[in-house]
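Enquirer: next come a sequence and a model predicted from it.
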Amino acid sequence: MLGCLAPHPPHVVYAENPEQNEAFSEGGWETLRWGYNRLARKLKTIDYDAMVIFTPHWQTYIGTHFLGLPKFKSKSVDPVFPNIFRFNYDISVDVDLAEKMCEVAGESGIVTKMMRNPDFRIDYGTITSCHMLNPDWDKPLVTISSNRNADYYSAEVMNEQASALGEACARAIEESGKKVVLISSHSLSHRHFVTESPLPEDMSREHIYNHSQYVWDMKLVDLMRSGKMREVIDIMPEFTEQTIAETEAGGLTWMMAAMGYPNYPAEIYGYQSVIGTGNLIAAWNPMEATREIVL
Ligand SMILES: [Fe+2]
């Protein structure tokens, strides 16, 4: 099990100009994209069966849901940035693995459901993170919805529920005998601009929005570099509230719980602002022989 923190601003897909996206760009956000490209090349050298992604942009209010049909094909339009992201997707799902996760999580007391609606539209978080990590789209996915515990209760409850889900998913993966790449799809600090520049990829406009948010992000990066993931998850409720971070959905907590709170250094692939939000690409590689100091 290898884990990736994979932020999903649609801007990075827009900047790559893949054939699936209708919009055209002149580039932009290279620090993030080159970091993604490097991690994608590394994943190509690793043998695995499926990508398992937890996304904040498939929000469910009763339980945790799992994609449950072998194929989903349609167009995903970003609700906030339709000018830059209109992506024609054709994805495959590892339904057996999704059902196993649904079953094991259900047995541990978590409310779960399989999504069997063929017209269900895949969220842009899943598409952006998966496209950047595997532009060939040659691995099946399992997408997990984010139950909005932070909205109902508090970031503390989110942390506990996401941990329980992570532990259940890890048991399901172990029982399946499959090798997987886990993906936590979100940025870190999430305070963003309220107006868009006339040309979205105009990098003269891109900058960190708020120094306090940046300092929080760097605190997390330092802890990740030093292999202190238990501590990162312990301070997650405070970080989430202070930086209005997308960690509110529980993705990083879910992934770290599934991986047993790594005490080895994360591989850091890049950090850059997108419309002022803090975006970090990182990976947790349990195999010491292939673990690198990237940046
Ligand atoms: Fe997002």
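Expert: Yep, it's here.
Enquirer: surely residue 16 is in contact with residue 34?
Expert: No. The pair residue 16 / residue 34 is not scored as a contact, 10.9 Å apart, by CB atoms under 8 Å. In this view, the C-beta of every residue, glycine as well, is placed from N, C-alpha and C.
Enquirer: got the phi and psi for the residue nearest the centre of the chain?
Expert: Central residue of the chain (CA atoms, centre = their mean): residue 185, 1.1 Å from the mean position. The phi/psi pair for residue 185 (degrees, to the nearest 10) reads phi -100, psi 100.
Enquirer: on that earlier part again, out of residue 16 and residue 34, which sits in the busier spot?
Expert: It is residue 16, of residue 16 and residue 34, that has more neighbours when counted by other CB atoms under 10 Å, with 18 against 14.
Enquirer: what sits against that one?
Expert: Listed by CB atoms under 8 Å, 6 or more residues apart in numbering, the contact set of residue 16 reads 33, 131, 132, 135.
Enquirer: which of the residues in the lengthiest strand in the chain are buried?
Expert: Looking across the chain with DSSP state E, the single longest strand is strand 50-60. Residues 50, 51, 52, 53, 54, 55, 56, 57, 58, 60 are the ones in strand 50-60 that count as buried (16 or more other CB atoms under 10 Å).
Enquirer: wait, the third one touches residue 179, no?
Expert: It refers to residue 52. No. Using CB under 8 Å, residue 52 and residue 179 do not qualify as a contacting pair, with a distance of 10.8 Å.
Enquirer: so where do the strands sit in the stretch 51-200 of the chain?
Expert: Counting by DSSP state E, counting those that start in this stretch, the stretch 51-200 of the chain has strands at residues 64-67, 71-77, 86-92, 112-115, 141-147, 180-184.
Enquirer: residues near residue 19, how many?
Expert: When neighbours are counted by other CB under 10 Å, residue 19 registers 6.
Enquirer: hmm, I typed the wrong one, I wanted residue 74.
Expert: Close neighbours of residue 74, defined as other CB under 10 Å, add up to 15.
Enquirer: check the gap between it and residue 123 for me.
Expert: Using CB to CB, to the nearest Å, residue 74 is found at 12 Å from residue 123.
Enquirer: residues contacting residue 226?
Expert: Counting by CB under 8 Å, 6+ apart, residue 226 touches residue 265.
Enquirer: heads up, I number from 59, so please use that
Expert: Sure, I'll start numbering at 59, so the last one becomes residue 284.
Enquirer: okay, it: pLDDT?
Expert: Residue 284 carries a pLDDT value of 97.
Enquirer: same check on the one 10 residues further on?
Expert: With respect to pLDDT, residue 294 has a value of 96.
Enquirer: with residue 207 instead?
Expert: 82.
Enquirer: find the nearest non-adjacent residue to it, please.
Expert: residue 216 (4.2 Å; CB to CB, 6 or more residues apart in numbering).
Enquirer: number of nearby residues for the one you found?
Expert: 26.
Enquirer: which residues does it contact?
Expert: Listed by CB under 8 Å, 6+ apart, the contact set of residue 216 reads 207, 208, 295, 298, 306, 307, 308, 311.
Enquirer: ok, now how distant is it from residue 267?
Expert: Residue 216 sits at a distance of 24 Å from residue 267 (criterion: CB to CB).
Enquirer: do residue 147 as well
Expert: To residue 267, residue 147 is 30 Å away according to CB to CB.
Enquirer: so which residue of this protein lies furthest out from the middle?
Expert: Within the chain, residue 256 marks the point farthest from the mean C-alpha position, 28.1 Å out by CA atoms, centre = their mean.
Enquirer: ok now the top helix by length along the chain, how far from the chain's centre?
Expert: For the chain, the longest helix by residue count, based on DSSP state H, is helix 213-234. Its chain's average C-alpha position is 15 Å from that of helix 213-234, according to CA atoms, centre = their mean, to the nearest Å.
Enquirer: what is the orientation angle of it with strand 108-118?
Expert: Orientation of helix 213-234 against strand 108-118 (axes from the mean of the first three to the mean of the last three CA atoms, to 10 degrees) gives an angle of 150 degrees.
Enquirer: from the contact counts, what lies against the lowest-mean-pLDDT helix or strand in the chain?
Expert: Using mean pLDDT, DSSP states H and E, the weakest-scoring helix or strand in the chain turns out to be helix 207-210, at a mean of 80. Judged by 3 or more CB pairs under 8 Å, 6 or more residues apart in numbering; DSSP states H and E, helix 207-210 is in contact with helix 213-234.
Enquirer: in CSV, list the C-alpha atoms belonging to the helix it packs on.
Expert: This file holds the C-alpha atoms of helix 213-234, laid out as CSV (Å, rounded to 0.1, in the frame of the first residue of the first chain):
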residue,chain,number,x,y,z
ALA,A,213,-13.5,18.3,13.0
GLU,A,214,-12.8,16.0,16.0
VAL,A,215,-15.7,13.7,15.0
MET,A,216,-14.5,13.8,11.4
ASN,A,217,-11.1,12.7,12.5
GLU,A,218,-12.4,9.7,14.5
GLN,A,219,-14.8,8.6,11.8
ALA,A,220,-12.3,8.9,9.0
SER,A,221,-9.8,6.8,11.1
ALA,A,222,-12.3,4.1,11.6
LEU,A,223,-13.0,4.1,7.8
GLY,A,224,-9.3,4.0,7.0
GLU,A,225,-8.7,1.0,9.3
ALA,A,226,-11.7,-0.9,7.8
CYS,A,227,-10.5,-0.2,4.2
ALA,A,228,-7.0,-1.4,5.1
ARG,A,229,-8.5,-4.7,6.4
ALA,A,230,-10.6,-5.1,3.2
ILE,A,231,-7.5,-4.5,1.0
GLU,A,232,-5.5,-7.0,3.0
GLU,A,233,-8.3,-9.6,2.7
SER,A,234,-8.5,-9.0,-1.0
